[in-house]
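1. Okay, here's the prediction I keep looking at, along with the sequence it came from:
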Amino acid sequence: MECELCGAKIQGRPIKIRLDGVILNVCNACAKRYSKYVIRDSAIQRSMPRPRRVVRIRTQPKLRELEYEIVEDFNVRIRKAREELGLTRELLAQELGEKESVIRRIEEGRLVPTIDMARKLERILKIKLLEPAESVSYEKYVKKRGGPILTLGDIVVIKDRKKGTEEYEGKEH
């Protein structure tokens with residue numbers, strides 16, 4: 001085991017110190033240097049926080065949200081279908097479990113419904129709001145942008161500490 005302060009190999013049992021709120025395993029030399037920070041094993045157990053329950057947060061969008069996208073004229077289709085069925089915004093909002101203001105903002109085009117809400121609207125209004133998402137290839141993206149794209153690999157410089165040289169990742173310029 002190595003000292004977490006100086007990196008020297010620890011002979012025997014490491015000594016624990018609390019430095020700036022962090023508990024470190026150190027060698028005898030560092031323990032002498034920081035003697036006022038040395039802590040005993042019983043103090044560690046009392047001061048260590050209890051393990052907390054881990055809560056996972058979903059950060060990636062659901063797969064089905066990546067497979068479909070809302071049609072561009074969703075607001076016109078929703079308003080027209082609602083009026084043809086003789087529903088008021090208030091009744092449609094009740095069916096969806098949303099506020100009337102949400103329906104108004106969707107019909108005005110100021111709010112794009114989520115994929116789940118679009119599916120509910122499709123079911124209630126009997127219209128088509130979702131279409132399969134078009135996957136954009138690299139070639140189409142480059143043509144759309146009008147030229148080559150600068151990537152991180154084009155600008156990253158990796159320094160080799162052993163050789164003291166710099167190597168460029170990516171394309172040669």
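-> All right, it came through fine.

2. alpha carbons only for contacts and neighbour counts from here, please
-> OK.

3. For the closest residue to residue 85 other than its chain neighbours, give me phi and psi.
-> Once flanking residues are discounted, residue 85 sits nearest to residue 125: 7.5 Å by Cα to Cα, 6 or more residues apart in numbering. Residue 125 adopts backbone torsions of phi -90, psi -10, taken as degrees, to the nearest 10.

4. how deep is residue 125 tucked in, by neighbour count?
-> By other Cα atoms under 10 Å, the residues close to residue 125 number 20.

5. residues contacting it?
-> Neighbouring residues of residue 125 by Cα atoms under 8 Å, 6 or more residues apart in numbering: 78, 81-82, 85.

6. Let me know the closest of those to residue 129.
-> residue 78 (8.4 Å; Cα to Cα).

7. Run a quick neighbour tally on the spatially closest residue to that closest one that is not a sequence neighbour.
-> Leaving aside its chain neighbours, residue 78 sits nearest to residue 107 (6.6 Å; criterion: Cα to Cα, 6+ apart). When neighbours are defined as other Cα under 10 Å, residue 107 has 21 of them.

8. Hmm, residue 79 and residue 107 touching each other?
-> Yes - counting by Cα atoms under 8 Å, residue 79 is a contact partner of residue 107 at 5.8 Å.

9. Let me see the domain layout of the chain.
-> 1-48, 63-132, 138-168 (automatic domain parsing).
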